[in-house]
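Visitor: Need a 3D model of the following:
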Amino acid sequence: MKKLLIALVVVLGVVGGVVYLGLSGLDGFIREQIETQGSQATQTNVSVSQVETKLADAKVSIKGLTVTNPQGFSSENAFSLDNIRLDLGTSTQEPYVIEELLIDSPSVLYEVDKEGKANLIVIQKNVQSSLPQSQEQPQEQEENGDKTAPLMSVKKVTIKDVKLRLNIEAMDLGDLPLEKRQFELTLPTFYADAIGVPNGIPADQLGAAVIDAMLDNLIKEAKNKVKNLFKDEAKAKAKEKLDKEKDKLKDKAKEKLKGLFGN
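Guide: All right, here's what the predicted structure looks like:
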């Protein structure tokens, strides 16, 4: 999200009293760059309903952000993030600091296809492929002659009240025939690690790094839920088999008793 985050630096500069860019159309500019750069990073379609900057409060609100499923999955959205809020710091030099990035009550779909591949893992791999493979500092000048993106950091990443839906309808479950294959749960608020602290990372890497950190937690929770479902089903099936064996033994015992005592 290169230009988006550069725009946030612009806001930081305005808060600090230095104007880098005219404010006219800033919200639309940020929205456009979220959609453009987000789509490139996730390799899906990213759209945003509204962006609102409040310079007096040093806040940016992003509403109605959706991320579609990768190819090969259902036509539903993988993410629906209705409210994202950035509380901006007042630093006037690099690394520019975002005090908190809050993602409030997102709806997330964890879908597994017939080959056992999950949509969120596909998206995460796409995002990770957009990040640099080394931690080396960027050169002063890019190939096109422009200055590299400014350094930024996020002190706190909060993901609140995630509504997570699991869909394993297409998954091959072998001999575990689950009757129910869609589940909904609300995750407690969790916090991703600080990003780019203390030295900062280039602004064009920050958006992807935030998504990657969020996906780490969501994928972990979803995998644990699926594993627990399989364990519970396996236990139930083993108990059912054991009960049948017990019934067979009882029937055999009755037959032997009949042979011993007549009748």
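Visitor: Where does pLDDT dip in this protein?
Guide: Along the chain, the parts satisfying pLDDT under 70 run over 1-25, 134-148, 173-178, 233-234, 237, 240-263.
Visitor: where exactly do the helices run in it?
Guide: For the chain, the helices defined by DSSP state H occupy 2-15, 26-42, 119-130, 203-261.
Visitor: Which other helices and strands does the second one contact?
Guide: For helix 26-42, the elements it packs on are helix 2-15, strand 46-47, strand 50-54, strand 59-68, helix 119-130, helix 203-261, judged by 3 or more Cβ pairs under 8 Å, 6 or more residues apart in numbering; DSSP states H and E. C-betas here are computed from N, CA, C, even on glycine.
Visitor: quick one, what contacts S80?
Guide: By Cβ atoms under 8 Å, 6 or more residues apart in numbering, the contact list for S80 reads L65, T66, P106, S107, V108.
Visitor: which residues does the residue lying closest to the fourth one once chain neighbours are set aside bridge with?
Guide: Among residues not flanking S107 along the chain, S80 sits closest, at 4.2 Å (Cβ to Cβ, 6 or more residues apart in numbering). When assigned by DSSP bridges, S80 has beta-bridge partners T66, S107.
Visitor: got it, and the one 5 residues further on?
Guide: When bridges are assigned using DSSP bridges, the partners listed for R85 are S61, L102.
Visitor: Pick out the residue closest to the middle of this structure.
Guide: L215 (3.3 Å; Cα atoms, centre = their mean).
Visitor: pretty sure that one is in contact with N126, am I right?
Guide: No: the pair L215 / N126 is not scored as a contact, 10.4 Å apart, by Cβ atoms under 8 Å.
Visitor: in stretch 43-59, what counts as buried?
Guide: Across stretch 43-59, burial judged by 16 or more other Cβ atoms under 10 Å covers T44, V46, V48, V51, T53, A58, K59.
Visitor: and which of those residues is nearest K155?
Guide: Using Cβ to Cβ, A58 comes nearest to K155 of the buried residues of stretch 43-59, at 13.6 Å.
Visitor: Identify the residue nearest that closest one in space, chain neighbours excluded?
Guide: Closest to A58 by Cβ to Cβ, 6+ apart is L88, at 4.4 Å.
Visitor: Please report how far that neighbour lies from D212.
Guide: Distance of L88 to D212, given as Cβ to Cβ, to the nearest Å: 22 Å.
Visitor: Comparing the two, which shows the higher neighbour count?
Guide: Neighbour tally, L88 and D212, criterion other Cβ atoms under 10 Å: the higher count belongs to L88, 23 against 20.
Visitor: Now for N126: which residues touch it?
Guide: Going by Cβ under 8 Å, 6+ apart, the list of residues near N126 reads A41, T42, Q43, T44, P70.
Visitor: could I get those residues as JSON lines with distance to G116?
Guide: Listed next are the contacts of N126 as JSON lines, based on distance: Cβ to Cβ, whole Å:
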{"residue": "A41", "distance to G116": "25"}
{"residue": "T42", "distance to G116": "21"}
{"residue": "Q43", "distance to G116": "20"}
{"residue": "T44", "distance to G116": "20"}
{"residue": "P70", "distance to G116": "15"}
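Visitor: now, among those residues, which is nearest to Q205?
Guide: Relative to Q205, and with distances defined as Cβ to Cβ, the nearest of these is A41, at 9.7 Å.
Visitor: which ones are touching that closest one?
Guide: Listed by Cβ under 8 Å, 6+ apart, the contact partners of A41 are M1, N126, V127, S130, G207, A208, I211.
Visitor: circling back to that earlier point, hey, what's in contact with both of L215 and N126?
Guide: Contacts common to L215 and N126, judged by Cβ under 8 Å, 6+ apart, are absent.
Visitor: With adjacent residues omitted, what lies nearest to S49?
Guide: Leaving aside its chain neighbours, S49 sits nearest to G64 (2.7 Å; criterion: Cβ to Cβ, 6+ apart).
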